[in-house]
Every structure is written in structure tokens, then in C-alpha cells.
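Enquirer: Quick one, fold the following:
(one chain, ligands or ions: 1)
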Amino acid sequence: MLYDDFYVKSLIRTVEDWPKAGISFRDITPIFSDPKGMRMVVDAYVHRYIASDITHIACIDARGFLIAAVLAYELQKPLILIRKKGKLPGKTISQSYDLEYGSAELEIQENAVKEGDHVLLFDDLIATGGTLFAAIELLTSQGAEIKEVAAIIDLPDLGGSQKLRDNEIPIFSLCAFAGE
Ligand code: AMP
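Expert: Residues are numbered from 1 along each chain as shown. As a prediction, the model looks like this:
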């Protein structure tokens, strides 16, 4: 199925003032409830990464899991879960990061990746980049290399994608909402 930019973007619903005043929440649930859209999105990443030398796909709790799991299945790569604090059993490594108000913590299981691993890191959306930088720290502190960050949506006005590029981390997003 041919990828259709306009069609995929039409499946992203903007919910104003949610979860709080001033936020334009980009809701991707219509992609999941539209089999054609879901296939277009997954296929776009399959085509991009089918011949790449990534060894692992890592994804961020929770919306990042949904596409990344299908992608890992399609590309036959191991899937690494980066979860919110307290969700992963056994020994974990944590990394805290700043949110608009306060802070949060992400965790990965010890030895989930190792030196020499080439990781594609997936999340649904890039805003300030704080979440992704915390995930990158968890992966690189265990010796892995980030080959690329992939997302469905980039919000360039919030600066995260530029910060990633400034740190020489390649990024790939299917669409962007700028100045909206
Ligand atoms: P950030 O750490 O600021 O880059 O925020 C990225 C994370 O927060 C992603 O995991 C998104 O799911 C979520 N997020 C941040 N802003 C939005 C938004 N406007 N709409 C939907 N999700 C968002």
C-alpha cells in the first residue's frame, strides 16, 4: 500500500486543552482504529529499516509500544521496553527527566542491551525531547549505540528534534505539526 502523507495526518486528532489548558494533544488512537492507516504507518517504517543494520528496537511506555511491537515482528528484531518507574520486574536502571511541572522516571532492565548493539529508538511523538534523552541515556549507559530515533509526530516548535540533531542523533518522523 502506498504511503499517503495526507491520509496519515488526517488520522491524528488534535484535542485542545487536554490533559490541561494550553496543550494541543495529538491523539494517534484513530491510526490504531483504522487498519489502512495502521498498515501505512507500519509499512513506512518497515521500508525505511528493512535493510538497515539495526540490531534492536527500543520503545517508550506506552504509545511507543504499539507500533514498535509490530515493527519488531516484521523486521525480526528484539524489542526492548523502556517503561515508567516501577513497571519492570527484576534489576533495572533508572533515569529521571524533567516534565513541564515536576519530573518523571524511566527504567530499563539491566543488561537489556550491550556494547555493539545498534538500536532504533521509537516513540510516538517528539516534543521537548526530554523523554527521548532519558531513554537514550538508559541505552547508551549500557554501551548501545543509537542508530536513529523514529516517531510518528514531531512538534518542532518544542525544540526536541533540533536538540537531538544537535547531539548528532538522526531522527525520522512521519509528520510534523509546526506553528499550529
Ligand atoms: P517530551 O519528553 O516533551 O518530548 O514529550 C514526549 C512524550 O510526551 C511522548 O511520549 C508523548 O507521548 C507525550 N506528549 C508530549 N506532548 C504531547 C502532545 N502535544 N500530544 C501527545 N502526546 C504528547
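
Enquirer: switch to C-alpha atoms for all contacts and neighbour counts from now on
Expert: OK.

Enquirer: May I have the phi/psi pair for Glu115?
Expert: When read as degrees, to the nearest 10, the backbone of Glu115 gives phi -50, psi 140.

Enquirer: Contacts only, for it.
Expert: Glu115 is in contact with Gln142, Gly143, Ala144, Glu145, counting by CA atoms under 8 Å, 6 or more residues apart in numbering.

Enquirer: Serialize those to JSON lines and add fields for secondary structure, neighbour count and distance to Asp43.
Expert: Listed next are these as JSON lines, based on DSSP: H, G, I helix; E, B strand; the rest coil; neighbours: other CA atoms under 10 Å; distance: CA to CA, whole Å:
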{"residue": "Gln142", "secondary structure": "coil", "neighbour count": "17", "distance to Asp43": "30"}
{"residue": "Gly143", "secondary structure": "coil", "neighbour count": "16", "distance to Asp43": "29"}
{"residue": "Ala144", "secondary structure": "coil", "neighbour count": "21", "distance to Asp43": "26"}
{"residue": "Glu145", "secondary structure": "strand", "neighbour count": "20", "distance to Asp43": "24"}
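
Enquirer: State the phi and psi torsions of Ala178.
Expert: phi -120, psi 140.

Enquirer: Am I right that it is in contact with Asp157?
Expert: Yes. Between Ala178 and Asp157 there is a contact under CA atoms under 8 Å: 6.0 Å.
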